[in-house]
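Trainee: coords please:
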Amino acid sequence: MVRIKRNLAIIIGIDRYSHIPKLKNAVFDANSVANVLQERHNYQVLRLFDETATKEKFSQLLENLQNKKIELEGKLTQLEKSDRLLFYFAGHGFDEEAEDSEEGKPAGYFMPQDADANDQKTWLSMKEVYETLTNLDCHHLLIILDCCFAGRISWVSKGRNAARPRKLYKQNYDRYIKHSTQPIITSASYDEEALDSFRFGKRADKNGHSPFAYFLLKILTGNSNGEEDKFLEAIIDGQVITTHELFTYLQKELRKVA
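Mentor: The predicted structure follows:
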């Protein structure tokens, strides 16, 4: 059985776009997720924010990953089968009819910091990112996307099955991690725009997170912020949090603020 020896994360957040509308909370969201993963969950984190998340930087990241390597603390490190990898993107997503569309459906793209809406060469294909990540040898891969049209990445993930909902207690953890997994969680469907902040009249987040990041961080920190949340308490009380539970909680809460 493969034993997970390292927790690794690639965390990307972009607010200060050069040629398209800026965002308010993407970098703050991404940095908050990175901090929680590093400080509470023992992750080594590669952070790419704003000007360090240009198309050139993305291309270098993908080239490194295609060579089974990741840059950590300024040094290229070989990825191993015993690694767990989390990929998080907060920024603009875009949809467009393009050459890499499948079955007549528009393709999905991540927009790097220097992306130009009128120049497709400056965009980053979700399909390319997905194929690069899933071709890695990492035992566990989790992709979390907080951007418009994020659900388009699932069109290239054929044959995926939903996880069976069940509680997972710590004594069963070894059995759980035996199998390789590659789940995806997105803040928006293939045809939806993601919210960068809470809508007027909805729940106010004084910290300035997007709704998706706000609830994701509640799970990662195990903190209900003083609010009565029996569902949250149930999934963090003495249990390992599964991807299915994380998805279910996010879906439940986001429906309230949509």
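Trainee: Can you pull the poorly scored residue ranges out of this protein?
Mentor: 1-2, 97-106, 155-179, 198-207, 223-240, 258 (pLDDT under 70).
Trainee: which residues in it form helices?
Mentor: Along the chain, counting by DSSP state H, helices occupy 26-40, 55-66, 126-134, 173-176, 211-221, 230-236, 243-257.
Trainee: Of those helices, flag the one that's most buried.
Mentor: helix 211-221 (a mean of 22; mean count of other Cβ atoms under 10 Å). Where you see a C-beta, it was placed from the backbone N, CA and C, and this is true even at glycine.
Trainee: Only C-alpha atoms, please: export it in CSV.
Mentor: Output of helix 211-221 as CSV, limited to C-alpha atoms (Å, rounded to 0.1, in the frame of the first residue of the first chain):
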residue,chain,number,x,y,z
PRO,A,211,-18.7,32.8,-0.8
PHE,A,212,-16.9,29.7,-2.0
ALA,A,213,-13.7,30.5,-0.2
TYR,A,214,-15.5,31.6,3.0
PHE,A,215,-17.2,28.2,3.4
LEU,A,216,-14.1,26.3,2.3
LEU,A,217,-12.1,28.0,5.0
LYS,A,218,-14.7,27.2,7.6
ILE,A,219,-14.1,23.5,6.8
LEU,A,220,-10.3,23.7,6.6
THR,A,221,-10.2,25.6,9.9
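Trainee: For residue 47, which of the helices of the chain is the nearest?
Mentor: Proximity to residue 47, assessed across the helices of the chain by Cβ to Cβ, is greatest for helix 26-40 (5.4 Å).
Trainee: Need the residues that contact that closest one.
Mentor: Here helix 26-40 makes contact (Cβ atoms under 8 Å, 6 or more residues apart in numbering) with 7, 9, 11-16, 43-45, 47, 49-50, 86, 88, 90-91, 146, 196, 207-210, 212-213, 216-217, 220-221.
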